[in-house]
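Visitor: Please find the sequence and the predicted model below.
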Amino acid sequence: MSAAGWWRGLRSVRAWPVAARAVAITVVVELGLRVTTLPRLSAFIGVPLRLDDRPAVLGAPSPGLLDVRELRALGISERVVRRWPFGDTCLRRALVSGHLLRRRKPALRVGVAKVDGRIQAHAWLEIDGVSLDPEGSATYRTFEAMGGTR
């Protein structure tokens, strides 16, 4: 995406405070990933790590799950993390997006799967038991379901 494309999404003055919050929480997430554990970091930013193996509701999230303001915040957080100089990972995206949606009490899920013969990890958010990443939650088994304890 060009620099013009990046700013095009922030033309509305209402988007600026959300973008500033997204940048600030991305800095906190980056520092937290380097100095503390994931459960502590996720709890600190308001997106607790969910380790049980209860399956999420599969299928696309219902259209009314998130309101327009929340969808806009997700789009802005995606833009910020996508251009983050330290990497655009699903974990960073889930933590930043989850913080912006924290009044909805999102849960962070982390799972693993064997993809093309390699073990891969993935992180996603759930709100009210519904995955915001249905493909990820269907493909990856949560860490706890694999027998992990941390």
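Guide: That came through fine. Model, not experiment: these values are computed from the prediction.
Visitor: mind listing what the residue in the chain sticking out farthest from the centre touches?
Guide: Here the chain has its C-alpha centre computed as a mean, and the residue farthest from that point, by Cα atoms, centre = their mean, is Gly117 with 25.5 Å. Remark: with contacts taken as Cβ atoms under 8 Å, 6 or more residues apart in numbering, Gly117 is in contact with nothing. In this view, the C-beta of every residue, glycine as well, is placed from N, C-alpha and C.
Visitor: Pop out the phi and psi values for it.
Guide: The phi and psi values for Gly117, taken as degrees, to the nearest 10, are phi 80, psi 0.
Visitor: Quick check: which ranges of the chain have low pLDDT?
Guide: Counting by pLDDT under 70, the chain has low-confidence residues at 1-13, 53-63, 143-150.
Visitor: do that again at 50, thanks
Guide: Counting by pLDDT under 50, the chain contains low-confidence ranges at 1-6, 145-146, 149-150.
Visitor: Closest to the centroid, which residue in it?
Guide: Taking Cα atoms, centre = their mean as the criterion, Ala94 is the residue nearest the geometric centre of the chain, at 1.0 Å.
Visitor: Count the neighbours of Pro134 for me.
Guide: Burial measure for Pro134: 16 neighbouring residues, criterion other Cβ atoms under 10 Å.
Visitor: mind starting the numbering at 822 from now?
Guide: Okay, residue one is now 822; in that scheme the one you just asked about reads as Pro955.
Visitor: where's it relative to Trp945, distance?
Guide: 9 Å (Cβ to Cβ, to the nearest Å).
Visitor: sorry, back to before: hang on, the residue nearest to the centre of the chain is in a strand, isn't it?
Guide: No: per DSSP: H, G, I helix; E, B strand; the rest coil, Ala915 lies outside any strand segment and is helix.
Visitor: Report the contact partners of the nearest residue to it once chain neighbours are set aside.
Guide: Closest residue in space to Ala915, ignoring its immediate chain neighbours: Ala944 at 4.4 Å, by Cβ to Cβ, 6 or more residues apart in numbering. Contacts here follow Cβ under 8 Å, 6+ apart; on that basis Ala944 touches 910-912, 914-916, 929-932.
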